[in-house]
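Engineer: this one's structure only:
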């Protein structure tokens, strides 16, 4: 028997818990059902809409999400599937340090905003990505020679500009 196929790393069901044996059967049936769903849907377009993957996940207290990068949003088939079947998305790279602070002290949220705006338009939740990561760092940071104090200052500046402190007046839990 050959090796089991590896799961796609850009599609995640949260939280990551192994499916019980009956869940695997249901998952297989669900995926097979999706393969024939368009034909069945076309024949019964007057009936109610078929459950999405996110609908099915919610029935079990979960949500179904996918990581997405900005170029993928230009792929109409991909973007349509993401908007219809998934309930959440995570920006794959658009909110990583190299994208949000490409030059020291210069912040650019364009890539992250594009994904967040897409998610809002489709009614998807947005799950944040890593704020600090060992890769996808801006070249100005990796090519510099920093003291510990300088690096702490750079990190503090980056964090406070990317994740501003909410106004306590708008968020009673912060009072």
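Structural biologist: Thanks, I have it. Just so it is clear, the model here is predicted, and its values are computed rather than measured.
Engineer: pull out the buried residues from stretch 66-76.
Structural biologist: Within stretch 66-76, the residues that count as buried by 16 or more other Cβ atoms under 10 Å are 66, 67, 68, 70, 73. C-betas here are computed from N, CA, C, even on glycine.
Engineer: export those residues as CSV, with columns for distance to residue 170 and secondary structure.
Structural biologist: Below are the buried residues of stretch 66-76 laid out as CSV (distance: Cβ to Cβ, whole Å; DSSP: H, G, I helix; E, B strand; the rest coil):
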residue, distance to residue 170, secondary structure
66, 30, strand
67, 29, strand
68, 29, strand
70, 29, helix
73, 30, helix
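Engineer: pull the most distant pair out of those residues.
Structural biologist: The span of the buried residues of stretch 66-76, defined through Cβ to Cβ, is set by 66 and 70 at 13.8 Å.
Engineer: show me the shaky parts of the protein.
Structural biologist: Along the chain, segments meeting pLDDT under 70 span 1-47, 168-169, 171-175.
Engineer: how about the strands in the chain?
Structural biologist: Under the criterion DSSP state E, the chain carries strands at the ranges 11-14, 63-68, 88-91, 125-126.
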